[in-house]
Structures are given as structure tokens and as C-alpha cells.
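1. Only the shape, not the letters, is given here:
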């Protein structure tokens, strides 16, 4: 099975894109987290006062510095304005978004990974309905190592996992519950907490289920890129064991 990587740039109404158009020396990189977005702004030149004022309105400033290498700012803002966003369209067409989004000289630059080239074509047709779109590259990446940028962002892996579920999972991991042979039992783990065994097990199983579900898209990409059929690998292993 082949994977396809597509890079393209778009124009539409977006405050970051518009700022990058007015200030062509700027490079704006944007990451979407579970409940906020983080934006990194860099420029080789010292910023004008009006640019700094605009940046202050973009969100909470986490870092700001101006030195001989230019401007460096990191901001954080909420995701309340991202309903029906382009990221949701990627998911609709089974395309895995590769962060960050890069805004430069009036364009938004995106990279996505897909299992089927037809999904990429359908996505681009959808975007062309309300955006100017220019395809920069479209490459088959079969049987190549998964790019480092495709590693699962931590916030995606732990999305919707509660603090109690995370605590139960960490205790099990650090106590050797997942080692072979196991170094502890659910009863012993529950005794280290203030909850009943059944409650502790419920927290643990929910954490496991959510994390595996969130990791599913990345698992499919890894196995697709390696060309390995997990069921065939298991059948081969059992056949070899029987032969021995």
C-alpha cells in the first residue's frame, strides 16, 4: 500500500495570512492543540510598532524577544474561531494533517498524508470551491520511513483522557503491570489508591481504550508504510512456531 504526501498553499480570509501579506518578511507557524492554538512568529528584521500592536491582539504572549537575529514571538489563543476549519476538512477526506501550518507572504502552507491519492484529489477539489489553491508537490512515499513530523503529537494521544485515568495508567506502568511477567496485580494497584479495585480497573481500561483509539490513525500509517500485514505476520509466526 502506498502513502501519499501532498503540500499545497491556499488563500482565504484568515488573520494570520493577512498579517503575513502585509509584512512579507514574517514567517508564522501555527500548531493546533486540544484546546488552543500556539503561534510562532519570526522575522529577520526589527518589528514596527504597529506590527507589535497587532501581535498583542492575537492572544496571550508566551515569549517575545527582539535581538540582532530579528523578532521571535510565541502566542497562545483559544480555538473558538476554528469551527468548520480546514483541519476538519482534512479529516473528512481521510488525510492526516502534518503541523505546523506556515503563513508566509499571504499564503497558508499545508502538508497532508493520505492512504489513497483519490482522497487527496477530492480534498483539493473541495478546497478550491472557496479558496485559491496551488499544489506545490504530491509524492508517493511507499516503503519509506515514516517522516519524523508524522510522530503523534502528545496532545492527540491523550485527548479526552481524564486526570484519574492518567493517574491509574501511570501507576500501572511504573509498578510493572505491563511487564512480562507482570510484577503486580489490579488488586495490589488498587490498594495503593483510595478507590475500590473495580473503580481502579475502570479508570485503567478507559485510559487504555482512549489512548489506543487516538493512536489508531498513526498505527495504520506505520503498518501501511512498512508494507506489513499484521494478520499475515501473526500467521507466519504461528506457522514457524508449529514447525519448531
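-> That came in fine, so what should we check first? All of these numbers come straight from a predicted model, not from anything done at the bench.
2. make it CA atoms for all contacts and neighbour counts henceforth
-> OK.
3. what's the neighbour count on the spatially closest residue to residue 124 that is not a sequence neighbour?
-> Closest residue to residue 124 apart from its sequence neighbours, by C-alpha to C-alpha, 6 or more residues apart in numbering: residue 133 at 7.6 Å. Around residue 133 sit 19 other residues, with neighbours defined as other C-alpha atoms under 10 Å.
4. Surely residue 178 is within a strand?
-> No. Under the criterion used here (DSSP: H, G, I helix; E, B strand; the rest coil), residue 178 is coil, not part of a strand.
5. And it, how close does it get to residue 167?
-> With distances taken as C-alpha to C-alpha, to the nearest Å, residue 178 is found 15 Å from residue 167.
6. Same check on residue 57?
-> 37 Å.
7. for residue 88, same thing?
-> 31 Å.
8. Over to residue 161?
-> Here the distance between residue 161 and residue 167 works out to 10 Å (C-alpha to C-alpha).
9. any common contacting residues for those two?
-> The contact sets of residue 161 and residue 167 do not overlap (C-alpha atoms under 8 Å, 6 or more residues apart in numbering).
10. ok, the residue lying closest to residue 203 once chain neighbours are set aside - contacts?
-> Distance criterion C-alpha to C-alpha, 6+ apart; nearest residue to residue 203, sequence neighbours excluded, is residue 165 at 4.6 Å. Contact analysis of residue 165 by C-alpha under 8 Å, 6+ apart lists 203, 204, 206, 207.
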